[in-house]
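Asker: this one's sequence-less:
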């Protein structure tokens, strides 16, 4: 089974606190590193958690509020100063390119690597990355300014075949690859053994990142049945009006999205600095959706569990 | 005597390390807070050292290499989000304003306070701040891109008069202010007592911040006889050529500037990430200029000692 895990690098909203950094997460799928959002101090957090940041080839920025991208230019600069030559793919709102270019120009920096920019539009979900193993799509969120989430999905994997079946049906090794790809097995005697009888499908895992957004039914549609949903929970329900005004969500609303989308697990984060103790947010979410966890910096969350 | 001290918030060059943040210093003169440079993570460092950042009214950016300003937009945003209404004066290269404005515009942020920008030119030293107590001038440095240092000087203070002199000459209290301002004292009998006989001058302290720069005799002229000189020492002397190429200084060169300018004390900083142990840099500088100290994050340096 391929690795599929998320490490929280920052979980604070708006301003950092003495304990919490602004938004950033590292998604590791089979040792491919994807960075989602990059608040100020993300490069320090990567060092702190001993994550080799030169292994990040793809960076996704959800929107242009500072707590989601002020650490990007510093990370890109450090990659350059530390001798990187491998391409970096950057996905974000079109204006992000202007901001980065302006800063590189004024410092007279010519990056030693290619920074390949992929502007995101916000009119319909887009497939923005695909290889043999995974696909990444945008999720349309509902925030004060244009904001997209990101949906990571494993692609169809070879089917699994057990040693017992191989022995029972005397399947030669030369046939195994075809069978894993879905072919039926034809015995020496000419009997056809249907593929479903000898193999099992491997589960395909998925992770959805939704920050920042108000409660929106359209988000539910887009994250239906994912294994793990990260959904912002900036406030608690007693600040429902403030959440609506600022296009953020409460812990209860995040849990409602999880419940209605029938996801397997919910992680909440993007906490307002006013909450020193996060247990009340967790309790509020769990009262609606039991399998909720708090985003905690440095913690790894397995998507395939 | 008024307080005049410097707190080091960051002392790393180019990239942060797991132990050191990029450049930033807080100068506290009689409880007025001045921030010099603002590398990524400066707002976190201010929190870490329990410095109330809303008390900073003046921010000085030496140049547009990222390790000196990538934390500025985050600090300005946090000041705003935390309800600041008092003016902030920002001094830096003209293009800094474009960079800040662009980021505020894309996030649709209208600051709740006035950000008053003072563009610095780099053709001659400028007086950029003055009140009753201090003046601040730019220092022309010699770096790859336009870069200025900052020279903080106490302004002439009232002269000191001792109780002994007041008693001996029977000076009435009504005369004291004039005498402290430099007037001679005329006794009831009409005898003129020269001011110098009854008062002493209070020392006027000064602090010069020089980062980033190669070794340059023109810098020496501008920092002559200051009490404390902060001078970058990115490299050691065995990397003399690399220092010259990158328009940085070695620890020995920083010490030479201190010696030739006849300053009282030297602080070195802006260390390359390659130096885990800083004692060799200190030893190299001290071999030329004994009264040298290392910039250490969180440490306070008294200018009037």
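Answerer: Done, it's in. Bear in mind that the values here come from a model prediction, so they are computed numbers and not experimental data. Numbers count the residues shown, from 1 in each chain, chains lettered A, B, ... in the order given.

Asker: contacts, neighbours, all on C-alpha from now
Answerer: Fine.

Asker: residues touching the closest residue to chain B within the stretch 201-305 of chain A, list them.
Answerer: Chain B sits closest to residue A:273 of the stretch 201-305 of chain A, with a gap of 10.2 Å, by CA to the nearest CA. By CA atoms under 8 Å, 6 or more residues apart in numbering or on different chains, residue A:273 lies in contact with A:12-17.

Asker: can you pull out the helices in chain A?
Answerer: For chain A, applying DSSP state H gives helices covering A:42-48, A:72-81, A:95-106, A:163-168, A:176-180, A:195-198, A:217-222, A:240-245, A:251-261, A:279-286.

Asker: re earlier: can you redo the contacts of residue A:273 as CSV with neighbour count?
Answerer: Output for the contacts of residue A:273, formatted as CSV (neighbours: other CA atoms under 10 Å in any protein chain shown):
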residue, neighbour count
A:12, 28
A:13, 26
A:14, 24
A:15, 27
A:16, 26
A:17, 18
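
Asker: of these, list those near chain B.
Answerer: Contacts with chain B within those, counted by CA under 8 Å from any CA of the partner chain: A:14-17.

Asker: between those, which is closest to residue B:120?
Answerer: residue A:15 (29.2 Å; CA to CA).

Asker: quick one: residues contacting the closest one.
Answerer: Residues counted as contacts of residue A:15 (CA under 8 Å, 6+ apart) are A:21-22, A:67, A:273, B:78, B:81.

Asker: give me the pLDDT for the residue lying farthest from the centre of chain A.
Answerer: Distance to the chain centre peaks in chain A at residue A:189, reaching 49.2 Å (criterion: CA atoms, centre = their mean). At residue A:189, the pLDDT value in this model is 91.

Asker: ok, residue A:157 next?
Answerer: Turning to residue A:157, the model gives it a pLDDT of 88.

Asker: near the residue lying closest to it once chain neighbours are set aside, how many other residues are there?
Answerer: Spatial nearest neighbour of residue A:157, chain neighbours left out: residue A:202 (6.4 Å); criterion: CA to CA, 6 or more residues apart in numbering or on different chains. Close neighbours of residue A:202, defined as other CA atoms under 10 Å in any protein chain shown, add up to 12.

Asker: pretty sure residue A:202 sits against residue A:161.
Answerer: No - with contacts defined as CA atoms under 8 Å, residue A:202 does not count as touching residue A:161, sitting 10.1 Å away.

Asker: list buried residues within the contacts of residue A:15.
Answerer: In terms of neighbour count (16 or more other CA atoms under 10 Å in any protein chain shown), the buried residues within the contacts of residue A:15 are A:21-22, A:67, A:273, B:78.

Asker: counting only strands, which of these make the cut?
Answerer: Using DSSP state E, no member of those falls in strands.

Asker: list the contacts of the residue sitting nearest the centre point of chain A.
Answerer: The residue lying closest to the centre of chain A (CA atoms, centre = their mean) is residue A:209, at 5.0 Å. Taking CA under 8 Å, 6+ apart as the criterion, residue A:209 is in contact with A:149-151, A:229-231.

Asker: ok, now residue A:110?
Answerer: So residue A:110 contacts residue A:104 (CA under 8 Å, 6+ apart).

Asker: return the residues in contact with residue A:304.
Answerer: With contact taken as CA under 8 Å, 6+ apart, residue A:304 is in contact with A:3-5, A:205, A:227.

Asker: spatially, which residue comes closest to residue A:253, not counting chain neighbours?
Answerer: residue A:215 (6.0 Å).

Asker: sorry, back to before: would you format the buried ones among the contacts of residue A:15 as JSON lines with distance to residue B:141 and pLDDT included?
Answerer: Formatted as JSON lines, the buried ones among the contacts of residue A:15 follow (distance: CA to CA, whole Å; pLDDT from 0 to 100):
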{"residue": "A:21", "distance to residue B:141": "35", "pLDDT": "97"}
{"residue": "A:22", "distance to residue B:141": "35", "pLDDT": "98"}
{"residue": "A:67", "distance to residue B:141": "33", "pLDDT": "98"}
{"residue": "A:273", "distance to residue B:141": "40", "pLDDT": "96"}
{"residue": "B:78", "distance to residue B:141": "31", "pLDDT": "98"}
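
Asker: burial measure for the residue lying closest to residue A:264 once chain neighbours are set aside, as a count.
Answerer: Spatial nearest neighbour of residue A:264, chain neighbours left out: residue A:227 (4.9 Å); criterion: CA to CA, 6+ apart. By other CA under 10 Å, 21 other residues sit near residue A:227.

Asker: and for residue A:102?
Answerer: Neighbours of residue A:102 under the rule other CA under 10 Å: 15.

Asker: any idea of the pLDDT on the residue nearest to residue A:253?
Answerer: Note for residue A:215: predicted pLDDT of 98.

Asker: what residues does chain A have near chain B?
Answerer: A:14-18, A:40-41, A:44, A:47-48, A:64-67, A:70-71, A:73-74, A:77-78, A:81, A:95, A:99, A:102-103, A:106-108, A:145.

Asker: can you flag the buried ones in these?
Answerer: Buried among those (16+ other CA under 10 Å): A:14-17, A:40-41, A:44, A:64-67, A:70-71, A:73-74, A:77-78, A:99, A:103, A:106, A:145.

Asker: tabulate the contacts of residue A:209 in TSV, adding columns for neighbour count and pLDDT.
Answerer: Below are these laid out as TSV (neighbours: other CA atoms under 10 Å in any protein chain shown; pLDDT from 0 to 100):
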residue	neighbour count	pLDDT
A:149	27	98
A:150	26	98
A:151	22	98
A:229	29	98
A:230	24	98
A:231	28	98
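
Asker: in strands, which of those fall?
Answerer: A:149-151, A:229-231.

Asker: chain A - how does it break down into domains?
Answerer: Following the assignment in automatic domain parsing, chain A carries domains at A:4-157+A:202-302, A:160-199.

Asker: buried set for the last one?
Answerer: Along domain A:160-199, these residues count as buried under the neighbour rule (16+ other CA under 10 Å): A:160-161, A:171, A:176, A:179-180, A:182-185, A:195, A:198-199.

Asker: out of these, who's nearest chain B?
Answerer: Of all those, chain B sits closest to residue A:160, with 43.7 Å by CA to the nearest CA.

Asker: residue contacts, that closest one?
Answerer: Shown in contact with residue A:160 (CA under 8 Å, 6+ apart): A:180, A:199-202.

Asker: return the member of those residues nearest to residue A:91.
Answerer: For the contacts of residue A:160, the minimum distance to residue A:91 (CA to CA) is 29.8 Å, reached by residue A:202.

Asker: what residues are up against the closest one?
Answerer: Residue A:202 touches A:157-160, counting by CA under 8 Å, 6+ apart.

Asker: same question, residue A:161
Answerer: Residue A:161 touches A:180, A:198-200, counting by CA under 8 Å, 6+ apart.

Asker: and those residues as TSV, adding pLDDT?
Answerer: Output for the contacts of residue A:161, formatted as TSV (pLDDT from 0 to 100):
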residue	pLDDT
A:180	94
A:198	94
A:199	95
A:200	94
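
Asker: okay if I get those as JSON lines plus distance to residue A:259?
Answerer: Below are the contacts of residue A:161 laid out as JSON lines (distance: CA to CA, whole Å):
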{"residue": "A:180", "distance to residue A:259": "34"}
{"residue": "A:198", "distance to residue A:259": "35"}
{"residue": "A:199", "distance to residue A:259": "32"}
{"residue": "A:200", "distance to residue A:259": "28"}
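
Asker: closest to residue B:119 out of the residues you listed?
Answerer: Distance to residue B:119, by CA to CA, is smallest for residue A:180 among those, at 66.8 Å.

Asker: ok, that closest one - contacts?
Answerer: The contact partners of residue A:180, by CA under 8 Å, 6+ apart, come to A:158-161, A:199.

Asker: neighbours around residue A:131, how many?
Answerer: Residue A:131 is flanked by 9 other residues according to other CA under 10 Å.

Asker: now swap in residue A:135 and tell me
Answerer: Neighbour count for residue A:135, taken as other CA under 10 Å: 16.

Asker: also residue A:53?
Answerer: 17.

Asker: now it, nearest residue through space, not along the chain?
Answerer: residue A:46 is the one closest to residue A:53 (CA to CA, 6+ apart), at 6.6 Å.
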